[in-house]
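Trainee: Provided below for reference: sequence and predicted model.
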Amino acid sequence: MIVASTADEIRKQVREWRVSGLTVALVPTMGALHEGHLSLVRTASKVADKVVVSIFVNPTQFGPNEDFDRYPRTFDADLQQLSNLQCDAIYAPTASQMYKPGFQTSVELAQLPQHLCGLGRPVHFGGVALVVSKLFIACEPDFAVFGEKDFQQVRVIEQMVSDLDFAVKIVRSPTVREPDGLALSSRNRYLSQEQRAAAPVLYETLVSMAKSIEAGASDPKALIEHGIKLISAKGMEVEYLSIVDPIDLEDVELVTGPVRILVAARLGATRLIDNIAA
């Protein structure tokens, strides 16, 4: 594997591959890799000849009271895991390389961040859009693979790519789960043993709501009220539980077609998110 730390280095390598007629897929990550990330790399290797994995804990997507400083950083272990897969290059810039002194550019979306996680994390999706834009410019990928666990993030990136005419195809990859249904996340390592035992209630609740919709339930308010009770009974503080249109992420007033059910909740100091289609 090639390890590049600057935009010039990774761009030079990608352009050499292109001269040979090879396609490139990018998997953006913040490191602390787990099986969910590795599944994205496997997907990337199926859609392109060469795979680049970026590892960068992006400061612009963290608010002042969030977990940027304690976010897990396991670079050596990440390299070891990637060495067992088809990963051809790693792009691992420093914060000072990504955001040089005097940096003043932003990338903002008007509507999609005004829902769900964006309400409680007002700077988050602007930071995501900015860093992903810079990754696309540096790595010049044909494809970029994102996990559906962060569904709002996927929609933000898809909209940004469409709006700004990036020459990259976004590939969605399904959420990877533990045997008990908990969505894999780098933040799961924060959970105590007792909290870990309670956490699967998020997925259980989403599945229950989806089954109710499949059986004909159409009142979002009643479904959400019942779901919040199930989650709260496990000692979790629900930030939101929403049934939304899967394109514009607006809350639906009546379930009449495909929807997405999304949840964010805190278990102690740890914030967990999940979603499923219904």
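Mentor: Okay, I see it.
Trainee: quick one: the strands in the stretch 151-278 of the chain, in order.
Mentor: 169-173, 237-244, 260-267, 270-277 (DSSP state E, counting those that start in this stretch).
Trainee: which of those strands sits most buried?
Mentor: Mean neighbours per residue, mean count of other Cβ atoms under 10 Å, is largest over the strands of the stretch 151-278 of the chain for strand 260-267, with a mean of 22. All C-beta spots, glycine's among them, are computed from the backbone N, C-alpha and C.
Trainee: so in this structure, which helix runs the longest?
Mentor: helix 124-139 (DSSP state H).
Trainee: same list, the strands of the stretch 151-278 of the chain, but as a markdown table with mean pLDDT and distance to residue 82 please.
Mentor: Converted to a markdown table, the strands of the stretch 151-278 of the chain look like this (pLDDT from 0 to 100; distance: least, Cβ to Cβ, whole Å):
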| stretch | mean pLDDT | distance to residue 82 |
| --- | --- | --- |
| strand 169-173 | 98 | 16 |
| strand 237-244 | 98 | 32 |
| strand 260-267 | 98 | 29 |
| strand 270-277 | 97 | 25 |
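Trainee: which one of those lies closest to residue 253?
Mentor: Taking Cβ to Cβ, strand 237-244 is the member of the strands of the stretch 151-278 of the chain nearest to residue 253, at 9.7 Å.
Trainee: quick one: the closest residue to residue 131 other than its chain neighbours from residue 269, how far?
Mentor: Residue nearest to residue 131 in three dimensions, not counting chain neighbours: residue 58, with 4.4 Å by Cβ to Cβ, 6 or more residues apart in numbering. Per Cβ to Cβ, to the nearest Å, residue 58 is found 21 Å from residue 269.
Trainee: tell me how far the ends of stretch 26-39 are from each other?
Mentor: End-to-end span of stretch 26-39 (Cα to Cα, to the nearest Å): 13 Å.
Trainee: cool, thanks, talk later.
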